[in-house]
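Asks: next one to model:
(one chain, ligands or ions: 1)
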Amino acid sequence: MSPTAAEAANATEAGARALTADGDPIKMRGDKVCVFYGDKQALFDIDLDIRERQVTALIGPSGCGKSTFLRCLNRMNDTIDICRVAGDITLDGMDIYDPSIDVVELRARVGMVFQKPNPFPKSIYENVAYGPRIHGLSRSKAELDDIVASSLQKAGLYEEVKDRLDAPGTGLSGGQQQRLCIARAIAVSPEVILMDEPCSALDPIATAKVEELIDELRENYTIVIVTHSMQQAARVSQRTAFFHLGILVEEGPTQDMFTNPRDRRTQDYITGRFG
Ligand SMILES: Nc1ncnc2c1ncn2[C@@H]1O[C@H](COP(=O)(O)OP(=O)(O)OP(=O)(O)O)[C@@H](O)[C@H]1O
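Replies: Now for the predicted structure:
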């Protein structure tokens, strides 16, 4: 008996769902990714699978290309004139560098949180409401209010700000501002959240809060985090990728990377011989 159209569509969808060799669904995949700034090559043939609903940490010494790779995942490098990306990057099997891709939509699906908290010079409410409004995600003020409240809740900030949603976002503490930026990213219902050293400007208590939050968020989101702190990578991630001089040296379960790295360069880095 031939399959119905719905069965065929389901089969295609299931078939398109790529899995890693050990059976984890792949959310994003980099295949032979090379990046150039002018004629200087910053990344060389990076093959990396980003597993769905896991936290992947990108680590390595300064200048090795971690942020460059992160920025490829939502085409933030497009904003740098001299930057050129080659190779393939897919999101659920879709080529994100295809000319037909709407970059604004891509960045809603693959959100980003930066090193320095960067709230807009607007109220706490407006910081979170801005994205859903421009993406047309709410049909009424009540719906928008709900999105703002639930995003702040998911970012672990609601209780601290619920009585002053009209106060400026820039008046919050550094840690609160970073959680506001996470709420802003969450508000447009992303599937992937990229974080570029999200705790580097925070004190240890605010860092601990954001790390706890990252652990909670992975229930619903795929997260890629660049960090200089190996302790942080060990605390928050399930997978770790080690970069060195523009090359992906190795990637694996975080625990294995820190206890039993396969490559000498990884071992040297995690034992503090360089970096
Ligand atoms: N906008 C740019 N223009 C020119 N070169 C750049 C630019 N951004 C990064 N590079 C170069 O690309 C290489 C990789 O930089 P990148 O910032 O990705 O490394 P990183 O591992 O994130 O470093 P860090 O840990 O210091 O942030 C470096 O040699 C850097 O100088």
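Asks: so where's the stretch 151-275 of the chain shaky on pLDDT?
Replies: Applying pLDDT under 70 to the stretch 151-275 of the chain flags residues 275.
Asks: cool, the stretch 1-150 of the chain as well?
Replies: Short version for the stretch 1-150 of the chain, where the test is pLDDT under 70: 1-16.
Asks: up against the ligand, what does it have?
Replies: Contact residues (C-beta under 6 Å from any ligand atom) of the stretch 1-150 of the chain with the ligand: 37, 42, 60, 62-68, 80. No exception for glycine: its C-beta is placed from N, CA and C like everyone else's.
Asks: the residues you listed: which two are farthest apart?
Replies: Pairwise distances across these (C-beta to C-beta) peak at 20.1 Å, for the pair G60 and I80.
Asks: so which of those two has more stuff around it?
Replies: Remark: of G60 and I80, G60 carries more neighbours, 25 against 12, as counted by other C-beta atoms under 10 Å.
Asks: SS state for the residue nearest to the more buried one when sequence neighbours are not counted?
Replies: The shortest distance from G60 to any residue other than its chain neighbours is 3.6 Å, reached at F243 (C-beta to C-beta, 6 or more residues apart in numbering). State at F243, reduced to three classes by DSSP: H, G, I helix; E, B strand; the rest coil: strand.
Asks: so what's F243 bridging to?
Replies: Beta bridges link F243 to L248 when assigned by DSSP bridges.
Asks: how about it, what does it touch?
Replies: Residues counted as contacts of F243 (C-beta atoms under 8 Å, 6 or more residues apart in numbering) are 58-60, 64-66, 69, 249.
Asks: which ones among those are found in strands?
Replies: 58-59, 249 (DSSP state E).
Asks: circling back: could you check how far the residue nearest to G60 is from P190?
Replies: Going from F243 to P190 by C-beta to C-beta, to the nearest Å gives 24 Å.
Asks: do the same with A142
Replies: From A142 across to P190, the span is 23 Å (C-beta to C-beta).
Asks: just the CA atoms of stretch 265-275, as CSV, please.
Replies: This file holds the C-alpha atoms of stretch 265-275, laid out as CSV (Å, rounded to 0.1, in the frame of the first residue of the first chain):
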residue,chain,number,x,y,z
ARG,A,265,47.1,20.3,23.1
THR,A,266,43.8,20.0,25.0
GLN,A,267,45.7,18.4,27.9
ASP,A,268,48.2,21.2,27.9
TYR,A,269,45.5,23.8,27.9
ILE,A,270,43.4,22.4,30.6
THR,A,271,46.4,21.8,32.8
GLY,A,272,47.3,25.5,32.3
ARG,A,273,50.5,25.0,30.2
PHE,A,274,49.2,27.7,27.8
GLY,A,275,46.3,30.0,27.3
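Asks: give me the contacts around that stretch.
Replies: For stretch 265-275, contacts defined as C-beta under 8 Å, 6+ apart pick out 59-62, 230, 242, 244, 249-250, 257-258, 261.
Asks: what helix or strand is the most centrally placed residue in the chain on?
Replies: The chain has L194 as the residue nearest its centroid, 1.6 Å off, counting by C-alpha atoms, centre = their mean. For L194, the enclosing helix or strand under DSSP states H and E is strand 192-196.
Asks: neighbouring strands - and their directions - for that strand?
Replies: Strands that pair with strand 192-196, judged by DSSP bridges, come out as strand 110-113 (parallel), strand 222-226 (parallel).
Asks: much appreciated, bye for now.
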